[in-house]
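Engineer: sequence below, structure please.
(chains A and B)
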Amino acid sequence: MAVEELISIDSLINRIDPRVKIIEVFFFSIVVAVSNSLPVLLSALIISLGIILTAGIPAREIFRRLVPVNIMIIFLWFFLPFTTEGKPLFNIGTLAVTHEGLIYAFRISIKSNAMMLMLISLIASTPIFTLGHAMLELKMPKKLVHLFFFTYRYIHVMDKEYIRLINAIKMRGFRPGTNLHTYRTFAYIVGMLLIKSFDRMQRVRNAMLCRGFKGNFYTIRNFSFKKIDAISVALMIVIIMLLGVMEWTTIT
Amino acid sequence: MDNNNLIINLTDISFSYPGEPEVLDKLNLQFSRNEKTGLMGPNGSGKTTLFHIIMGLLKPLSGSIEIFGKPAKEEKDFIDVRKRIGLLFQDADDQLFSPTVLEDVAFGPLNLGKSKDEAIDIARKTLEFLDLAGFEDRITYKLSGGEKRLISLATVLAMEPEILLLDEPTTGLDEKTKTKIKKTLRELDLSYILISHEFDLLSEITDSIYTMDKGKILFDKEVHLHKHVHAHPHGSCSHEHE
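Structural biologist: Residues are numbered from 1 along each chain as shown, chains lettered A, B, ... in the order given. Predicted coordinates:
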């Protein structure tokens, strides 16, 4: 399972303190989320694109990560243009497409992609463990961080078990079809997956207990605020101010 | 047996997993300091279960556990036990969960309250001791089977335990890695109980070999008549010392 393949990329952005990254993405996303004017959103998208280009992430990886978000957005395009009240532009069958509806769907598309790009360039390049520690350093609730950390830990495990099961049925000539045998086999796989993962979880927990785990994660990484962090913070403040000024003041 | 040196004292331990027949049946075990004990037995005879009971990961249905001279009943009693007894799991994948080797080895020491620098120092030294210097930044789940096992051993040794419980430490490993584990165990001068199906291994690095069957430990009477300070290929044949 490829979750952390971007962490080995050595770029300027990757060297930013993870705490700083989280804060920057957080505030950037807020500004983008509450902005409504198209020029602001388009600028945000362009800025995100610019930043991701400096992150040195392969284009294929970027697209792969954008696909799930945009699948959601496609569904919005099916409904929003028809259901938003406003000036009708043209008709498809008996349904009227409104100007407002189109703008609304367009806005959401840009917003989500801008945020997603920023997230990919800053957060996806950080190891999950480091992110967890950064979250703790930022005084986020411990339970939330542990949930986050363990979810990641067990996604890996479940994926491995899944691949093992799939290989096992392939080795014995299983070919999925539209029949009861296929459904039953898949049901068995899901069931086995849950049970096996549960067992594995128990064993990992035991191993952790044996090594003195008391509910705290300690980190051996040092977080330090460096020059590059200061520069990135300054840059992000400028970006956010710029977007804010464009959104909330009327330039005539 | 010298009572001051008695470390693990299990009396009439019974255990069964819910809905299954008894795995351990009124089992007794006395383990003293400086003993190196081998444990053999068919699959499902309760060897791993026994280890888990000693570590407090499973609670026995009946019987009493005394470790380091203190009764161990509740979770908090076992916290101290786990600091002093290290358990090497059968499956290295269960033991390694941190992304990098160094972090995983340092996990134990950090839990024991060592500072960051101390923990890193201990981790590095442990790795060096096992000839694993240079592995610090390797990704744990991408290691080979043998490497995983050695790193797991490092994670246990980093806690600086007094006793080791080793659950099939050499199963599925190549000769080279096996030799390395054997050499390490000899050099360490720790007390340990070692589960294995390999008689040769047990006879080389343990002083006495017990067999487990049907939830009980069978003490070989001939073996038990004298003190064992040497490897024992033919423990059941009567022989004399000195």
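Engineer: list the contacts of the residue most central in space within chain B.
Structural biologist: For chain B, B:Leu165 is the residue whose C-alpha lies nearest the centre (Cα atoms, centre = their mean; 1.0 Å). Each residue near B:Leu165 by Cβ atoms under 8 Å, 6 or more residues apart in numbering or on different chains is listed here: B:51, B:54-55, B:85-88, B:192-193. In this view, the C-beta of every residue, glycine as well, is placed from N, C-alpha and C.
Engineer: which one of those is nearest chain A?
Structural biologist: B:Leu87 (4.9 Å; Cβ to the nearest Cβ).
Engineer: that closest one belongs to a strand?
Structural biologist: Yes. According to DSSP: H, G, I helix; E, B strand; the rest coil, B:Leu87 belongs to a strand.
Engineer: the residue nearest to the centre of chain B sits in which helix or strand?
Structural biologist: Per DSSP states H and E, B:Leu165 falls inside strand B:163-167.
Engineer: picking that back up, out of the contacts of B:Leu165, who's near chain A?
Structural biologist: Among the contacts of B:Leu165, the residues lying close to chain A (Cβ under 8 Å from any Cβ of the partner chain) are B:55, B:86-87.
Engineer: need those residues in a markdown table (columns: distance to B:Ala133).
Structural biologist: Below are those laid out as a markdown table (distance: Cβ to Cβ, whole Å):
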| residue | distance to B:Ala133 |
| --- | --- |
| B:Met55 | 30 |
| B:Gly86 | 21 |
| B:Leu87 | 25 |
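Engineer: narrow the residues you listed to those that are buried.
Structural biologist: Among the ones next to chain A among the contacts of B:Leu165, those scoring as buried are B:55, B:86-87 (criterion: 16 or more other Cβ atoms under 10 Å in any protein chain shown).
Engineer: now, which of those sits nearest B:Pro109?
Structural biologist: B:Gly86 (12.1 Å; Cβ to Cβ).
Engineer: how much space between B:Ser152 and chain A?
Structural biologist: From B:Ser152 across to chain A, the span is 9 Å (Cβ to the nearest Cβ, to the nearest Å).
Engineer: wait, doesn't that residue sit right on B:Leu87?
Structural biologist: No. Judged on Cβ atoms under 8 Å, B:Ser152 makes no contact with B:Leu87 at a distance of 10.2 Å.
Engineer: related to what we said a few turns ago, continuing past the strand holding B:Leu165, what's the next helix or strand?
Structural biologist: helix B:175-188.
Engineer: nearest spatial neighbour of B:Leu96, skipping sequence neighbours?
Structural biologist: The shortest distance from B:Leu96 to any non-neighbouring residue, by Cβ to Cβ, 6 or more residues apart in numbering or on different chains, is to B:Thr140 (4.2 Å).
Engineer: what about that neighbour, neighbour count?
Structural biologist: By other Cβ atoms under 10 Å in any protein chain shown, 24 other residues sit near B:Thr140.
Engineer: next up, phi/psi of the residue lying farthest from the centre of chain A, please.
Structural biologist: Within chain A, the residue lying farthest from the chain centre (Cα atoms, centre = their mean) is A:Thr94, at 38.0 Å. Backbone torsions of A:Thr94, given as degrees, to the nearest 10, read phi -100, psi 0.
Engineer: where's it relative to A:Ser224, distance?
Structural biologist: 63 Å (Cβ to Cβ, to the nearest Å).
Engineer: next, give phi and psi for B:Leu24.
Structural biologist: phi -110, psi 130.
Engineer: identify the bridge partners of the residue nearest to the centre of chain B.
Structural biologist: Note on B:Leu165: beta-bridge partners B:Leu87, B:Ile193, judged by DSSP bridges.
Engineer: closest to B:Phe31 among the contacts of B:Leu165?
Structural biologist: Nearest to B:Phe31 among those, with distances taken as Cβ to Cβ, is B:Ile193, at 6.4 Å.
Engineer: from memory that closest one sits against B:Thr37, does it?
Structural biologist: Yes. Using Cβ under 8 Å, B:Ile193 is in contact with B:Thr37, at 4.8 Å.
Engineer: shared neighbours of these two, anything?
Structural biologist: By Cβ under 8 Å, 6+ apart, the residues touching both B:Ile193 and B:Thr37 are B:Phe31.
Engineer: more neighbours: these two, which one.
Structural biologist: Shown here are B:Ile193 and B:Thr37; by other Cβ under 10 Å, B:Ile193 has more neighbours (25 against 20).
Engineer: can you pull the contacts of the more buried one?
Structural biologist: B:31, B:37-39, B:51, B:163-166.
Engineer: repeat for B:Phe199
Structural biologist: B:40, B:209.
Engineer: dihedrals phi and psi, it?
Structural biologist: Dihedral angles for B:Phe199 - degrees, to the nearest 10 - are phi -60, psi -40.
Engineer: show me where chain A has helices.
Structural biologist: Per DSSP state H, chain A carries helices over the ranges A:18-34, A:38-54, A:59-83, A:99-122, A:128-137, A:142-171, A:180-210, A:227-248.
Engineer: one step back: distance to B:Glu175 and pLDDT added to the ones next to chain A among the contacts of B:Leu165, as TSV?
Structural biologist: TSV is the format used below for those (distance: Cβ to Cβ, whole Å; pLDDT from 0 to 100):
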residue	distance to B:Glu175	pLDDT
B:Met55	30	92
B:Gly86	25	92
B:Leu87	25	93
